[in-house]
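Trainee: A structural model of the following input is requested.
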Amino acid sequence: MVKGKPPKPKKCKACSEKFIPRNTLQTACSPKCAIQLAKQLTQRKQQREEKERRAAWNKRKADVKPLSHWMNMTQRAFNDYIRARDGDICISCGSTTAVSYHAGHYRTTAKASQLRFNEDNCHSQCSACNTHHSGNIGPYRINLIAKIGPQRVEALENNNTPHRYTREELERIRARYRALLRELVKQREAA
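Mentor: Numbers count the residues shown, from 1 in each chain. The predicted structure is shown next:
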């Protein structure tokens, strides 16, 4: 009779004790550890399945939401970035003592939706100018020319190419502005 090499000691996957296996597939040192290991594997499998079910449910929920939902989410992220970028100063009246500031668009989102997420078209504006004075466009234009130059202002005014946003595009834009906002906040905290 030919005998092979004796089996090498293994580490029990349940209790981490060293043991000599009876065959190459044995992973636990005792029946008690084997039962414990089986319970752990079953629990991991259930957790994985639950995570997959949750992901599928979230995807189904996201798929039924209208495009306006994604537009609002993206607009919120973009506006948060604009307010953080410009700080508490109104581009129209120069006020620094207003109660609240908005992300005011030079060309409105109703008239030029293709410029909705254009950084040249949106700047920090006090709530009074944005809401009560319809954007206070006269001083806005003058200060915008001083800020970004006449060529870029003319480019904004002449951009009339319509654009329809897709959900995927809005998700990319939203992710970009959330990342830019995090980076801006991190830079300001470091300074």
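
Trainee: Show me what the helix or strand where E52 lies packs onto, helices and strands only.
Mentor: Assessed by DSSP states H and E, E52 sits inside helix 31-64. Identification of packing neighbours for helix 31-64 by 3 or more Cβ pairs under 8 Å, 6 or more residues apart in numbering; DSSP states H and E yields no helix or strand. The C-beta positions use only the backbone N, C-alpha and C, and glycine is treated the same way.

Trainee: tell me the average confidence for it?
Mentor: The pLDDT scores in helix 31-64 average 90.

Trainee: Tell me the secondary structure of T74, please.
Mentor: Using DSSP: H, G, I helix; E, B strand; the rest coil, the structure places T74 in helix.

Trainee: related to what we said a few turns ago, next, the buried residues of the helix holding E52.
Mentor: For helix 31-64, the neighbour count (16 or more other Cβ atoms under 10 Å) marks C33, A34, Q36, L37 as buried.

Trainee: now it: how far from the chain's centre is it?
Mentor: Chain-centre distance of helix 31-64: 26 Å, with Cα atoms, centre = their mean, to the nearest Å.

Trainee: The buried residues of helix 31-64 into JSON lines, with extra columns for distance to C12?
Mentor: Formatted as JSON lines, the buried residues of helix 31-64 follow (distance: Cβ to Cβ, whole Å):
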{"residue": "C33", "distance to C12": "5"}
{"residue": "A34", "distance to C12": "9"}
{"residue": "Q36", "distance to C12": "10"}
{"residue": "L37", "distance to C12": "8"}
